[in-house]
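Undergrad: Need the 3D shape of this:
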Amino acid sequence: MRETRISLAHGNGGRFMRELIEDLFARHLHNPGLDIQADAVRLDLPPGDVMFTTDGFTVQPLEFPGGNIGSLAVHGTVNDLSVAGADPLYLSLNVFIEEGLEVALLERVIRAAAEAAADAGVRIVAGDTKVVRRGEAAGLYLATTGVGVRPAGLVLGLGAIEAGDRVLVSGPVGDHGTAVMLAREEFGMRGDLRSDAASVHPLTSALRDLPGLRFMRDPTRGGLATVAHEICRARNLGLRLDETAIPINDPVRSVCEILGYDPLYLACEGRVVAVLAPADAEVALQRWRALPSGAGARLIGEVHAGPARVVLHTELGGQRILEELEDDPLPRIC
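TA: Purely as a prediction, here's the structure:
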């Protein structure tokens, strides 16, 4: 492409659009399953339960320490399949570009998406491109779909959770939300904190054979506290969390103390919350800690019969009820 910025002509179906697809998208996303001349593709799926997910991404800024909207879109979709117990296999990528976006920025985003897909072992096999007028989008929006296969007979869900089950988290919480906030420089603060955005498939696949595995979720918007409330609401059970056990990186803790945020409500993009029967909780913890992405895993709480609320046992020996999130704790970060 000779142009340095996207124009409306890049979405009109003519030469400019063809060059955009061929010279940028196809060049980075090239794989045996991608046919830019076809309206649909055939998917080869192994035996098992076919799992399907869809998502949209509107993060600002488009690039942040640890990734950009392209890698985030791939990781987010892969992770939704992974916590459902599936092996992610195929993705589609729909791109909504605002007129005037720098081509170099768009190329970095698509290159990051391609690299994230390759690292996660999935193939981007379909997509679509739209260009909207200047002022009608925040530079770039992405929408994805994902297809994976879950082993037959594996049943996970909120409905399987029982009183006495243990709650684990695979690593420190709040890194992504804090990193994106610092990248905006809206508060006059800077730091070297990086987003935790990554595929969680190694973490989820490590637990799938445990008979006591009940439920897994990636704590994105609303963070750990929101997942905890989903558990309580779905099963009408209580949940106790141990504040001293919840891993939080020092930069996240410092930023939250200064600005008045609670890291338990901030988004993660590379962590897993898992609920397991007591007999398997310690095994799960050791398996996670044996993985590079799970070295910071901790057992953080317990489900119990009682009022359906989330209670945080504080490091000072008191208790604090974690209310359900109502307002955005930060501007949109995913």
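Undergrad: Pretty sure L239 sits in a strand.
TA: Yes: under DSSP: H, G, I helix; E, B strand; the rest coil, L239 falls within a strand.
Undergrad: how far away is it from D262?
TA: Distance of L239 to D262, computed by C-beta to C-beta, to the nearest Å: 16 Å. (Glycine included, C-beta is placed from N, CA and C.)
Undergrad: So between these two, which is more surrounded?
TA: Neighbours per residue (other C-beta atoms under 10 Å) separate L239 from D262, with L239 holding more: 27 against 15.
Undergrad: isn't the more buried one right up against G306?
TA: No: using C-beta atoms under 8 Å, L239 is not in contact with G306, being 9.2 Å away.
Undergrad: Checking N79 next. Helix, strand or coil?
TA: Classified using three-state DSSP, N79 is helix.
Undergrad: That one touches S199, doesn't it?
TA: Yes: counting by C-beta under 8 Å, S199 is a contact partner of N79 at 6.7 Å.
Undergrad: Compare those two and say which is more crowded by neighbours.
TA: N79 (31 against 25).
Undergrad: ok, that one - contacts?
TA: By C-beta atoms under 8 Å, 6 or more residues apart in numbering, the contact set of N79 is 199-201, 218, 269-270.
Undergrad: of all the residues you listed, which comes closest to R111?
TA: Among the contacts of N79, S199 lies closest to R111 (C-beta to C-beta), at 17.1 Å.
Undergrad: coming back round to it: list the residues that contact both of N79 and S199?
TA: With C-beta under 8 Å, 6+ apart, N79 and S199 have common neighbours G270.
Undergrad: residue ranges with poor pLDDT in the protein?
TA: Applying pLDDT under 70 to the chain flags residues 185-188, 190, 327-334.
Undergrad: how does it divide into domains?
TA: What automatic domain parsing lists as the domains of the chain is 8-150, 158-322.
Undergrad: Any idea how far apart the tips of the shortest one sit?
TA: End-to-end distance of domain 8-150 (C-alpha to C-alpha, to the nearest Å): 41 Å.
Undergrad: same question, stretch 157-169
TA: 17 Å.
Undergrad: next one: that stretch to chain centre, how far?
TA: 21 Å (C-alpha atoms, centre = their mean, to the nearest Å).
Undergrad: how about that stretch: buried residues?
TA: Under the neighbour-count criterion of 16 or more other C-beta atoms under 10 Å, stretch 157-169 has 158, 160-161, 165-169 buried.
Undergrad: which among the residues you listed gets closest to E282?
TA: Distances from E282 to the buried residues of stretch 157-169, taken by C-beta to C-beta, are shortest for R166, at 8.6 Å.
Undergrad: thinking again about what came up before, now for the buried residues of stretch 157-169, which pair is the farthest apart?
TA: A160 and V169 (18.5 Å).
Undergrad: in the stretch 1-150 of the chain, which spans are helices?
TA: Ranges of helices within the stretch 1-150 of the chain are 15-20, 26-29, 69-83, 103-120, based on DSSP state H, counting those that start in this stretch.
Undergrad: Please convert those helices to CSV, extending it with distance to M181.
TA: Putting the helices of the stretch 1-150 of the chain into CSV (distance: least, C-beta to C-beta, whole Å) gives the following:
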stretch, distance to M181
helix 15-20, 32
helix 26-29, 29
helix 69-83, 15
helix 103-120, 20
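Undergrad: re the thing from before, so which of the contacts of N79 would you say is closest to L285?
TA: Of the contacts of N79, the one sitting nearest to L285 (C-beta to C-beta) turns out to be V200, at 15.7 Å.
Undergrad: show me what contacts that closest one?
TA: 78-79, 82-83, 170, 218, 270-272, 293.
Undergrad: quick one: which two of those are the most distant?
TA: Counting by C-beta to C-beta, the most remote pair of the contacts of V200 is V78 and S170, 14.9 Å apart.
Undergrad: right, and the helices of the stretch 1-150 of the chain - which one's nearest A179?
TA: helix 69-83 (11.2 Å).
Undergrad: which parts of that closest one are buried?
TA: In helix 69-83, counting by 16+ other C-beta under 10 Å, buried: 69-83.
Undergrad: That helix versus helix 103-120: what angle between them?
TA: 20 degrees (axes from the mean of the first three to the mean of the last three C-alpha atoms, to 10 degrees).
Undergrad: what's the offset of helix 69-83 from the middle of its chain?
TA: 5 Å.
Undergrad: Ok, stretch 254-263 next?
TA: 22 Å.
Undergrad: how about the CA coordinates for that stretch, as PDB?
TA: Taking Å, rounded to 0.1, in the frame of the first residue of the first chain, the C-alpha atoms of stretch 254-263 are listed here in PDB:
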ATOM      1  CA  SER A 254      -0.100   1.700  44.500                       C
ATOM      2  CA  VAL A 255      -2.100   3.100  41.600                       C
ATOM      3  CA  CYS A 256      -5.300   2.000  43.200                       C
ATOM      4  CA  GLU A 257      -4.400   3.500  46.600                       C
ATOM      5  CA  ILE A 258      -3.500   6.800  45.000                       C
ATOM      6  CA  LEU A 259      -6.600   7.000  42.700                       C
ATOM      7  CA  GLY A 260      -9.100   5.300  45.000                       C
ATOM      8  CA  TYR A 261      -9.800   2.200  42.800                       C
ATOM      9  CA  ASP A 262     -10.300  -1.300  44.000                       C
ATOM     10  CA  PRO A 263      -8.100  -3.800  42.200                       C
END
